[in-house]
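1. Quick one, fold the following:
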Amino acid sequence: MTPPPLPSTASDADLERLARLADSALRIEARLTPKPGLVDARNAGAHGDMDLHTLYVSAQALAPWWVTFATCGSLHVDAHDAELLTALRRIGRAAEDAMFTATGGINTHKGAVFAFGLLLGCAGRRLGSGRGVDVGVCDDVAALATPLLVDDLVTSAREPVTAGELLYRAHGLTGARGQAASGYATARDVGLVAYREALELLAAQPHLALGPMARDRALLHALLALLAVNNDTNLAHRGGPEAMTRVAARADGLLRLGGALNPHYVRLIEAFDDELTDAGLSPGGTADLLAVTIWLSALPPASHLHH
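-> Here you go, the predicted model:
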């Protein structure tokens, strides 16, 4: 199933570039190894129903949809936020259907569809209005997504249906909606900062080979930084809030040892991976934030001229 083409006033090349970056971010995140409790080239982590091949099949099925989100945003420049949200949600449901069809019903990237649907929708809206896309697109997402948090979780009177709604009622955890309403502050202010700092430190060591290997090492460092602060509802769903606390403390401990900048980082993170895998704990929400971090790392820094 592929999305129908949409006419747009924004440059097709610009929209497609942003879409390709989302596709690339999912694939880079998938094969990054070792990731604690997550599917990677080493193992399937705490997941009994998927492996790296499943993630690639899912990414392939989602690839044509990213430009549809961006194009939708470019066509809603003058529309109310509620109208754009409705349109993006409609595309999101269709993209999820494509994912589930490709994976045989396995939820591989539902969180990523939610995150990149919003990010690409807001990026497309910027392009449609003649503005550039930089990291400041996160501010646009915060404005657009705050009603999702308020209407779906905070003020909703209906009975909780999803795991996220149940966790909000029980523990006040806002999950993916909270991340969106914050403008992906965890990815922007923690993941992206840790990634760039690690890259800089690695570049200062002349004996290290840079390129994809350094990028991946810096991304593992960013993942540890994200795990140390993120209230991952996937962990809470599988092991309760105490699992979140335990994983955050473990990641923080590794960061104190230097994180992925420690010479023995592979062995240290593999041990963390084994612990989470044995405990059946997967920080899937943090994996989505890492993919967002990768996408944001390809954009220019936020310009404050338009704020």
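2. going forward, measure contacts between C-alpha atoms and count neighbours the same way
-> Noted.
3. Tell me which residues of stretch 285-300 come out buried.
-> By neighbour count on 16 or more other Cα atoms under 10 Å, the buried set for stretch 285-300 is 285-297, 299.
4. Output those residues in CSV; the columns should cover distance to Ala61, pLDDT and secondary structure.
-> Shown next, in CSV, are those (distance: Cα to Cα, whole Å; pLDDT from 0 to 100; DSSP: H, G, I helix; E, B strand; the rest coil):
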residue, distance to Ala61, pLDDT, secondary structure
Gly285, 20, 94, helix
Thr286, 22, 97, helix
Ala287, 19, 97, helix
Asp288, 17, 97, helix
Leu289, 20, 97, helix
Leu290, 20, 98, helix
Ala291, 17, 98, helix
Val292, 19, 98, helix
Thr293, 22, 98, helix
Ile294, 20, 98, helix
Trp295, 19, 98, helix
Leu296, 22, 98, helix
Ser297, 24, 97, helix
Leu299, 24, 97, coil
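5. Show residues contacting stretch 217-224.
-> The contact list for stretch 217-224, computed with Cα atoms under 8 Å, 6 or more residues apart in numbering, reads 32-35, 190-196, 198-199, 251-252, 254-255, 259-261, 286-287, 290.
6. Next up, the contacts around Val247.
-> Contact analysis of Val247 by Cα under 8 Å, 6+ apart lists Leu227, Ala228.
7. Would you quantify the distance from it to Ala225?
-> According to Cα to Cα, to the nearest Å, Val247 stands 11 Å off from Ala225.
8. And for Thr186?
-> 9 Å.
9. Comparing those two, which residue is more hemmed in?
-> Neighbours of Thr186 and Ala225, each counted by other Cα atoms under 10 Å, are more numerous for Ala225; the result is 25 against 22.
10. Next, the buried residues of the helix or strand where the more buried one lies.
-> Ala225 is part of helix 212-229 when elements are defined by DSSP states H and E. The neighbour-count check on helix 212-229 (16+ other Cα under 10 Å) flags 214-229 as buried.
11. Mind jotting down where the strands sit in this protein?
-> Counting by DSSP state E, the chain forms no strands at all.
12. In the stretch 151-300 of the chain, where is pLDDT below threshold?
-> 151-174, 206, 208-210 (pLDDT under 70).
13. swap the cut-off to 90 and go again
-> 151-178, 203-213, 231, 233-234, 236-241 (pLDDT under 90).
14. now the stretch 1-150 of the chain
-> Checking the stretch 1-150 of the chain against pLDDT under 90 turns up 1-12, 146-150.
15. mind listing what Ala41 touches?
-> Arg31, Leu32, Thr33, Pro34, Leu52.
16. neighbours of Leu32, just the number please.
-> The local packing of Leu32 (other Cα under 10 Å) involves 18 other residues.
17. I'd say it and Arg215 touch.
-> No: if you go by Cα atoms under 8 Å, Leu32 and Arg215 don't touch, sitting 9.9 Å apart.
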